[in-house]
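In: need coordinates for the following:
(one chain, ligands or ions: 1)
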Amino acid sequence: MPAEIRLFLCLKDNYGVLVHDPASGATAAIDAPEAAAVEAALAASGWRLTDILVTHHHADHTDGIRELKRKHQCRVVAPAAEAARIPDVDQTVREGDKIAVGTLSANVIETPGHTLGHIAYWFHADRLAFVGDTLFSIGCGRVIEGTPEMMWRSLTKLRDLPDDTEIYCGHEYTAANIRFARTIEPDNKALTARAAAAERQITQQQPTIPVTLGEEKKTNPFLRADRPEVAAGIGMAGQPAAAVFAEIRARKNKF
Ligand SMILES: [Zn+2]
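Out: All right, here's what the predicted structure looks like:
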């Protein structure tokens, strides 16, 4: 049976997500930004929390863990490289590991850059990827602990997933990301169309995610740093993709 998803905003602009396996009743929270918001989503769905799958150690992804663990005795799964900085971890995971949520299965993909131990969870059979603060819709996370080269490699790993993969990210940043992306690729028609669609979603107070990876590949400048027209558009024709990515990321930091 396919996974069921419940997406909700919490804190200022974080997304919380529940992934539910109807076959077994298991439910995983992807990160735990805020216990109360996760509890409200559990109450509204009638689901029982069995697992928390953590993408990285930042407080706005982990602050709810202790309280949820105390109440639900759920399993906490976290990246091995960051386990010491995440509360109540039961199981650590690395690249290539598989995690079961009831009968659902996720592959662990290491995506260092935003933090050094950041991971994504790819539920391949369900065509879902939970990418934390590595990839955002039309954007990417700040390169806080790693290097631009490392972040570019991580983004290309996510880009290699199937085009119909639905991407769930950690924040609602899409409107600002689109404004920036149009400064990099003003003539990108797919981006113009996505901007109009996102504006409608935001006006109607709808989330702008999930978005398919195929759509992101057409519109997200951070996934397009190896395209000649993107490099040429910012005056870096012929430069290595990682350098083009670093320049786009640097411009976004100042935007
Ligand atoms: Zn973060």
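In: would you map the helices across the stretch 51-200 of the chain?
Out: 59-62, 65-72, 148-159, 174-184, 189-203 (DSSP state H, counting those that start in this stretch).
In: which one of those helices lies closest to S45?
Out: The closest of those to S45 is helix 65-72. By CB to CB, the value is 13.7 Å. Quick note: C-beta positions are derived from backbone N, CA and C, even for glycine.
In: buried ones in the closest one?
Out: Residues of helix 65-72 classed as buried: 65, 67-69, 72 (neighbour count, 16 or more other CB atoms under 10 Å).
In: tell me the pLDDT at the closest residue to the ion within the stretch 151-255 of the chain?
Out: Distances between the stretch 151-255 of the chain and the ion by CB to the ion are smallest at G170, namely 6.6 Å. G170 carries a pLDDT value of 93.
In: the ion contacts on the protein?
Out: Residues of the chain lying close to the ion (CB under 5 Å from the ion) are 58, 133.
In: what is the neighbour count of F8?
Out: 17 (other CB atoms under 10 Å).
In: that one: which element?
Out: strand 4-10 (DSSP states H and E).
In: just checking, next helix/strand downstream of that strand?
Out: Under the assignment DSSP H and E, the closest C-terminal helix or strand after strand 4-10 is strand 14-20.
In: shaky segments in the stretch 101-250 of the chain?
Out: Applying pLDDT under 70 to the stretch 101-250 of the chain flags no residue at all.
In: now it against the ion: closest residue?
Out: D133 (3.7 Å).
In: and the residue nearest to that residue when sequence neighbours are not counted, what does it touch?
Out: Excluding its sequence neighbours, the residue lying closest to D133 (CB to CB, 6 or more residues apart in numbering) is G141, at 3.8 Å. Residues counted as contacts of G141 (CB atoms under 8 Å, 6 or more residues apart in numbering) are 113-114, 118, 132-135, 151, 170.
In: among these, which ones are in strands?
Out: L135 (DSSP state E).
In: spatially, which two of the contacts of G141 are the most separated?
Out: M151 and G170 (14.9 Å).
In: nearest to the ion, of the buried residues of helix 65-72?
Out: Using CB to the ion, I65 comes nearest to the ion of the buried residues of helix 65-72, at 14.6 Å.
In: pull the contacting residues for that closest one.
Out: I65 is in contact with 32, 52, 54, 76, 86-88, counting by CB under 8 Å, 6+ apart.
In: now it: how far from E82?
Out: Per CB to CB, to the nearest Å, I65 is found 12 Å from E82.
In: can you list residues touching both of those two?
Out: Contacts common to I65 and E82, judged by CB under 8 Å, 6+ apart, are V54.
In: one step back: in strands, which of the contacts of I65 appear?
Out: Going by DSSP E, the strands hold 52, 76 from the contacts of I65.
In: out of the contacts of I65, who's nearest the ion?
Out: Of those, the one sitting nearest to the ion (CB to the ion) turns out to be V54, at 11.1 Å.
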